[in-house]
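1. Need the 3D shape of this:
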Amino acid sequence: MKTVIYLGAAIVLLRSAAAILPTHDYRDYHGREQLVLEEDGQVDRSPKLASLGSNVRITVAEEEEDTEPSKPDIAPIISYSPLETDNVAKFQDPPPPSSYLSQKHRFSVGSTGDQWAITYTPYNDDLTCKTKAAIQEDVAIIAKKGFTSIRVYATDCSTLMHVGSAAASHKLKLILGVHIDDTILMLAQPQINEIVTWAAGKWDIVEMIVIGNEAIFNEFTTAAMLAEFISSSRTILREAGYTGPITTTEPLNILSKYASTLCPVIDVAAANIHPFFHPEVSADTAGDYVAVELDRLEGLCEGMQGVNLETGWPKQGIANGEAVPGVLEQWVAVAGIQKAAGGRSVFLGYADDGWKDEGEFGVETSWGCAHIFGIDA
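-> Next up, the predicted model:
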């Protein structure tokens, strides 16, 4: 399979005049919003685009028949006001950094090889939920392609039940997500409770729990509020018997900015590292870029492992400077990332996501890259 990948790489390399190495200008170009930290420390934002699943309301999973696909509930727009939080329990204060020093050195996730995990969303292109049978088929393909873990973003569409059972049958681990898409973080609490109920007696299938995916970046919360929610969720998860790593994930510059607040309450330093959204990174230098950024991430929280929880390259859309989307470019970029950092990276994603908006560069639906690994999907 690697021979095929690098044949594709050779084609694009011949088309390139020279490799352009990434520079460190403290810019982090990301899929749903471009954020630039200026010299004065202020944040300059371009118009924001929809985040993954932000229009999906999380519901408690129930067993479903494999007949007509159901639709996830659409989240209502909820504005923040003191009245809405009068009856919401206060978060516990985050524990002091010293209480997590031993955990920072203990936890290690990923693979010693060049392939670890891929993201999976259980939605059809019309945003209906995939059936149990369809999910089982998808997970079987993921296993055949050599992945050892699957990252999911939330618990809706019976994700825990259907993806969990399929993963277990193929001896795959799960990176579970708790989706945050509202300024009232307690609205995400039912997902924690659902995970606890579902995982009783089978915590060994859970490799890691990720509370929030770019929640600060998308302005759903502040670093302090997120740290409090992670801390209170940790208490619940530990009391339920989960002993594995707990973290959150943001673009690297956001995590760097709030490291003093977030590092004390997480066990693994995690970021979404997308080379495409850096306009000076071409497909053939994507792997080098990810490796350099992972090294920066590794040193962010003292004694803590750094992992890349979302990465890849789109196969269609509009060029972002030297970052050009395309079928061959995707092969080259993904192959480069796999070679340089595949054991510490989660690839986006199993298949294209037709339910998403196209986004600023018209690329948001076309990140599916499972076909590059192993046998064709």
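
2. now could you export just the CA positions of the strand ranked longest in the chain as CSV?
-> Across the chain, the longest stretch assigned as strand under DSSP state E is strand 206-213. Output in CSV follows, covering the C-alpha atoms of strand 206-213 (Å, rounded to 0.1, in the frame of the first residue of the first chain):
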residue,chain,number,x,y,z
VAL,A,206,-12.2,3.6,25.8
GLU,A,207,-8.7,4.9,25.0
MET,A,208,-9.4,8.5,25.8
ILE,A,209,-12.2,10.9,26.5
VAL,A,210,-12.2,14.3,24.8
ILE,A,211,-14.4,17.0,26.4
GLY,A,212,-15.0,19.7,23.8
ASN,A,213,-13.7,20.0,20.2
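
3. Quick one: mean pLDDT over the very next helix or strand once past that strand.
-> Using DSSP states H and E, the helix or strand that follows strand 206-213 towards the C-terminus is helix 223-239. For helix 223-239, mean pLDDT is 98.

4. list the helices and strands the helix or strand where I142 lies packs on?
-> Using DSSP H and E, the element containing I142 is helix 132-144. Of the remaining helices and strands, those touching helix 132-144 by 3 or more C-beta pairs under 8 Å, 6 or more residues apart in numbering; DSSP states H and E are helix 159-169. For the C-beta atoms, the positions are set from N, CA and C on the backbone; glycine is no exception.

5. Just list what the helix or strand just after the helix it packs on packs against, helices and strands only.
-> Next in sequence after helix 159-169, counting helices and strands by DSSP H and E, comes strand 173-178. Using 3+ C-beta pairs under 8 Å, 6+ apart, the elements in contact with strand 173-178 are strand 149-151, helix 159-169, helix 189-199, strand 206-213.

6. contact partners of the first one?
-> Translated: strand 149-151. Under the contact criterion C-beta atoms under 8 Å, 6 or more residues apart in numbering, strand 149-151 has outside partners 116-120, 139, 142, 163, 167, 172-175, 177, 207, 210, 309-310, 346.

7. redo that, cut-off 10 Å
-> Outside strand 149-151, the residues that touch it by C-beta atoms under 10 Å, 6 or more residues apart in numbering are 109-111, 115-121, 138-139, 142-143, 163-164, 166-167, 170, 172-177, 205, 207-208, 210, 213, 249, 309-310, 346-350.

8. What subset of those is buried?
-> Buried by 16 or more other C-beta atoms under 10 Å: 109-111, 115-121, 138-139, 142-143, 163-164, 166-167, 170, 172-177, 205, 207-208, 210, 213, 249, 309-310, 346-350, out of the contacts of strand 149-151.

9. before we move on, the earlier item: neighbouring strands - and their directions - for the longest strand of the chain?
-> strand 173-178 (parallel), strand 246-250 (parallel) (DSSP bridges).
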